[in-house]
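S.K.: no FASTA, just this:
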């Protein structure tokens, strides 16, 4: 509770937007900062009320990206900071778990601007902390990139954005900060219900069930889609045609026959002789089948 108490006193009366990302090109930190800069420019009456706390972590050095981001942060600071207020807190270091959870509990908005990402667990942690965090229930809105996999889970209750559309992000921030308590509660109730019911174990069971179902489907298709070859019909059609097209399969490229794997039914020399006979017949067009 100590970190939460300290932070709540420090940012009392402020509207907190919180973000924690890796410092890489896919996290969308640059796009987020540019959108926030535009938000401050378009909403001067909110400048002294709003603070973006951006934490970035990195295991790999991205010097060019770090330089660009530092320039944006300094520009925001020079343009909008006053003696009494700094609208952005940028930490290029990780923070303790207690402070991280405290910020998730205190935040009025979580802003995620991933350019491409799977499940963003910060979104799930934010929902839990907003429900049962050390700061009590807050029902803060979730602004989430439509390019994050978590959006497919939360899409009915989050506020989706395209991080490349700065105006859309600005509008989402403004809407989130001005949102009525009833709308916040409605959205948070939906988000919390999803987090509580769509757990990791349920996802794993669903994945295993789907894999088993489609495996059985593929096995049945392999066994039934390719009929047995009728030698008599093949001979009759061969003799009754003037032009013939052959796709020759080797090593089950067209069809999978597990029981015949690694079984050689004839010698390589005999295969070459048969292929030569096929090719020398001007009525035959012979094409091999290759794996891609």
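M.R.: Perfect, thanks for sending it. What you see is a predicted model; the values in this text were computed from it and never measured.
S.K.: Any idea how many residues pack against residue 47?
M.R.: 17 (other CB atoms under 10 Å). Bear in mind the C-beta positions are built from the backbone N, C-alpha and C, glycine included.
S.K.: got the phi/psi numbers for it?
M.R.: The phi and psi values for residue 47, taken as degrees, to the nearest 10, are phi -60, psi -50.
S.K.: where does this protein dip in pLDDT?
M.R.: For the chain, applying pLDDT under 70 flags the ranges 59-61, 135, 222-227, 249-266, 289-292.
S.K.: and the longest helix for it?
M.R.: helix 200-224 (DSSP state H).
S.K.: Where do the strands of this structure begin and end?
M.R.: 15-22, 50-57, 88-91, 109-112, 142-145, 159-161, 244-248, 284-288 (DSSP state E).
S.K.: Using a markdown table, lay out those together with mean neighbour count.
M.R.: Below are these laid out as a markdown table (neighbours: other CB atoms under 10 Å):
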| stretch | mean neighbour count |
| --- | --- |
| strand 15-22 | 21 |
| strand 50-57 | 20 |
| strand 88-91 | 17 |
| strand 109-112 | 26 |
| strand 142-145 | 26 |
| strand 159-161 | 21 |
| strand 244-248 | 12 |
| strand 284-288 | 12 |
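S.K.: Turn those strands into TSV, columns for distance to residue 204.
M.R.: As requested, those are exported to TSV (distance: least, CB to CB, whole Å):
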stretch	distance to residue 204
strand 15-22	25
strand 50-57	27
strand 88-91	34
strand 109-112	24
strand 142-145	23
strand 159-161	26
strand 244-248	41
strand 284-288	42
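S.K.: returning to that earlier point: quick one: the longest helix of the chain to chain centroid distance?
M.R.: Distance, stretch centre to chain centre, for helix 200-224: 23 Å (CA atoms, centre = their mean, to the nearest Å).
S.K.: try stretch 81-92
M.R.: On the basis of CA atoms, centre = their mean, stretch 81-92 sits 31 Å off its chain's mean C-alpha point.
S.K.: Pull the residues that contact it.
M.R.: Residues from elsewhere that reach stretch 81-92 (CB atoms under 8 Å, 6 or more residues apart in numbering): 23, 33, 36, 40, 47-48, 50-56, 58, 66, 69, 73, 76-77, 80.
S.K.: And the helices in the chain?
M.R.: 2-10, 29-42, 63-80, 97-106, 121-132, 150-154, 166-178, 181-197, 200-224, 231-239, 268-280.
S.K.: could you say what helices and strands the last one packs with?
M.R.: Here helix 268-280 is seen to pack against strand 284-288 when contacts are counted using 3 or more CB pairs under 8 Å, 6 or more residues apart in numbering; DSSP states H and E.
S.K.: now the strand it packs on against strand 244-248, angle please.
M.R.: 20 degrees (axes from the mean of the first three to the mean of the last three CA atoms, to 10 degrees).
S.K.: which neighbours does strand 284-288 have in its sheet, and in what orientation?
M.R.: strand 244-248 (parallel) (DSSP bridges).
S.K.: who's in contact with the partner strand?
M.R.: By CB under 8 Å, 6+ apart, the list of residues contacting strand 244-248 reads 238, 254, 275, 278, 283, 284, 285, 286, 287, 288, 289.
S.K.: could you dump the residues you listed to a markdown table with distance to residue 90?
M.R.: Output for the contacts of strand 244-248, formatted as a markdown table (distance: CB to CB, whole Å):
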| residue | distance to residue 90 |
| --- | --- |
| 238 | 76 |
| 254 | 57 |
| 275 | 68 |
| 278 | 71 |
| 283 | 75 |
| 284 | 71 |
| 285 | 67 |
| 286 | 66 |
| 287 | 61 |
| 288 | 60 |
| 289 | 57 |
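S.K.: Would you mind listing the two of those that lie farthest apart?
M.R.: Spatially, the most separated pair among the contacts of strand 244-248 is 254 and 283, at 22.6 Å (CB to CB).
S.K.: Contact partners for the closest residue to residue 39 other than its chain neighbours?
M.R.: Spatially, and ignoring its direct neighbours in sequence, residue 39 is nearest to residue 170 (4.5 Å; CB to CB, 6 or more residues apart in numbering). For residue 170, the contacting residues are 35, 38, 39, 42, by CB under 8 Å, 6+ apart.
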